[in-house]
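[1] Just need the structure, nothing else, for what follows:
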Amino acid sequence: MQVEHHELQREFPELIDVMQVLRSSDSDFSQMFDEYHSLTSQVEHLEEEDIPGDDFTFEVMKKKRVKLKDKMYQMLVEHKNSN
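    Coordinates of the predicted model:
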């Protein structure tokens, strides 16, 4: 199965420098970043291995990942615009 990868560095290449700054200076951002990447790894593993499972749980994981990404994007843009 073809799996689309969702690393934040691929999603927001223009914000890589800001990501690095926030990861080292903002514990909330760093925690969200780690959680996002953990969820991404889990989702991609399930997709790659085509592991049967609970569709509801899978969708909850994907929705949580999107919410994290949206919140982090907002933080990244705010930080970039404030400097």
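
[2] neighbours around Leu76, how many?
    Leu76 has 21 neighbours, counted by other CB atoms under 10 Å. For glycine as for every other residue, the C-beta is placed from the backbone atoms N, C-alpha and C.

[3] quick one: it and Ile16 touch, right?
    No - taking contacts as CB atoms under 8 Å, Leu76 lies outside contact range of Ile16: 9.7 Å.

[4] Just the element for Leu22, please.
    With secondary structure defined by DSSP states H and E, Leu22 is part of helix 16-25.

[5] Just the buried residues of the following helix or strand past that helix, please?
    Counting by DSSP H and E, the next helix or strand C-terminal to helix 16-25 is helix 27-49. Neighbour-count burial for helix 27-49, counted by 16 or more other CB atoms under 10 Å, picks out 29, 32-33, 36, 39-40, 43, 46.

[6] do stretch 71-83 as well
    For stretch 71-83, by 16+ other CB under 10 Å, it's 72, 75-76, 79.

[7] And for stretch 60-70?
    61-62, 65, 68-69.

[8] and Glu78, helix, strand or coil?
    helix (DSSP: H, G, I helix; E, B strand; the rest coil).

[9] in the chain, what spans have low per-residue confidence?
    In the prediction, the chain carries residues with pLDDT under 70 at positions 1-5, 51-53.

[10] from the chain's centre, how far out does the helix holding Leu22 sit?
    Relative to its parent chain, helix 16-25 has a centroid offset of 14 Å by CA atoms, centre = their mean, to the nearest Å.

[11] So which elements touch that helix?
    On a contact count with 3 or more CB pairs under 8 Å, 6 or more residues apart in numbering; DSSP states H and E, helix 16-25 meets helix 8-11, helix 27-49, helix 55-82.

[12] at 6 Å what do you get?
    helix 27-49, helix 55-82 (3 or more CB pairs under 6 Å, 6 or more residues apart in numbering; DSSP states H and E).

[13] Please verify my assumption that Lys80 contacts Met19.
    No - counting by CB atoms under 6 Å, Lys80 stays clear of Met19, with 10.2 Å between them.

[14] quick one on the thing from earlier: buried residues in the helix holding Leu22, which are they?
    Neighbour-count burial for helix 16-25 [16+ other CB under 10 Å]: 18-19, 21-22.
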